[in-house]
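Visitor: Sequence plus predicted model, see below.
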Amino acid sequence: MTAGSVAAGRRGSWLPTWPLIGAKLLDLRKRRILMAVTAAFTVGLPVLFYGVRLIYNLADPAQYGPAGTPGAFATAGTLMDEFGLIVAVMLGATAGTPDLADGMFRHLVITGRSRLALYLARIPAGLSILLPLAAAGFTVACLVTGFLHSPLPAGAVTPSPGAMTGAGLWLELDLIVGFTVGAGLGSLMGQRTVPVILLIVLEIIITPALADHALPGFVNGERLVVGVAMDQLKPAALAGGITVGPGGGPRQLHLPPMPTWAVAAVIGAWIAGWTAIGAWKMINRDA
């Protein structure tokens, strides 16, 4: 076997290589407006939220409580979830469509690289941007809650380090779901604007409505919505935070609870299903 045939075989592998992932990562990082928006809603949002609370507390401690109360932690986490998910969808839809939008898809195809590898490389590339930023923003919330919580209101208890860790992992999982669904839908539709709008409607309008009202005869169908499944896994440390949706209050899950294995199956099916749909569309798209 010649060196040329070996190289051709590597180019045709369905597994994305590190150089291919790095190229997709560089392509996303060069989109400065998108990167600025992503940083603003993952790191900037909790910094601004706690900064305002701290200023109010310093100006009038008698009227405004400490910045790091458990209620503030729940609100900050919920805000990061709601707005972070929107950013995750935007980043995912952008990662799923840049070759089409920039007219580069034909050039990528003629290199001989596997189309499946071209699609799969987008997932680690995008998540390597999104997840560290979200972790940094959530760390700000944890530090403020851990060090600026005194004096606590009567009956309030500061979340334990384990509870904070669980809340952070739940948030990261929610962003992974948003990113992969956004990437798959963006690849399927060949654009990023409509997928972002559709998924924002799903998150802000449809999911809260389904979570708040169990429809007779359609309970199992409602359980298949990934946002409903994620709500069931939502940690207690984030309970009570405000939501961006109908009513503006805490989202109450009125559906009968699912077994943990069923929740995991729904979430896994959304991630794997939309990844498969996005990859299938890229494999079968005309160059």
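Guide: Great, that's in hand. Bear in mind that the values here come from a model prediction, so they are computed numbers and not experimental data.

Visitor: now for the longest helix along the chain, which elements pack on it?
Guide: The residue-count maximum for a helix in the chain (DSSP state H) belongs to helix 161-189. Counting by 3 or more Cβ pairs under 8 Å, 6 or more residues apart in numbering; DSSP states H and E, the packing neighbours recorded for helix 161-189 are helix 70-96, helix 122-147, helix 193-201, helix 226-233, helix 260-284. (Each C-beta comes from the backbone N, C-alpha and C, glycine too.)

Visitor: Could you pull out the buried residues of stretch 184-201?
Guide: 184, 185, 186, 187, 188, 189, 191, 192, 195, 196, 198, 199 (16 or more other Cβ atoms under 10 Å).

Visitor: quick revisit: report the angle between the axes of the longest helix of the chain and helix 226-233?
Guide: 170 degrees (axes from the mean of the first three to the mean of the last three Cα atoms, to 10 degrees).

Visitor: what about helix 161-189, distance to the chain center?
Guide: How far helix 161-189 lies from its chain's middle: 3 Å, per Cα atoms, centre = their mean, to the nearest Å.

Visitor: For it, buried residues please.
Guide: Buried residues in helix 161-189 (16+ other Cβ under 10 Å): 163-164, 166-168, 170-172, 174-189.

Visitor: quick one on the thing from earlier: closest one to residue 116 out of the buried residues of stretch 184-201, please.
Guide: Lowest distance from residue 116 to the buried residues of stretch 184-201 (Cβ to Cβ) belongs to residue 187, with 11.7 Å.

Visitor: how about that closest one, what does it touch?
Guide: 96, 97, 119, 277, 278, 279, 281, 282 (Cβ atoms under 8 Å, 6 or more residues apart in numbering).

Visitor: which of those count as buried?
Guide: Buried among the contacts of residue 187 by 16+ other Cβ under 10 Å: 96, 97, 119, 277, 278, 279, 281, 282.

Visitor: The third one reaches residue 276, doesn't it?
Guide: No: between residue 119 and residue 276 there is no contact, the gap being 10.0 Å when judged by Cβ atoms under 8 Å.

Visitor: Quick check: mean pLDDT of the strand or helix carrying residue 209?
Guide: Assigned by DSSP states H and E, residue 209 belongs to helix 207-212. Average pLDDT, helix 207-212: 77.

Visitor: Could you list every helix and strand in contact with the helix or strand just after that helix?
Guide: Next along the chain after helix 207-212, taking DSSP H and E as the criterion, comes helix 219-223. Packed against helix 219-223 by the contact rule (3+ Cβ pairs under 8 Å, 6+ apart) you find no helix or strand.
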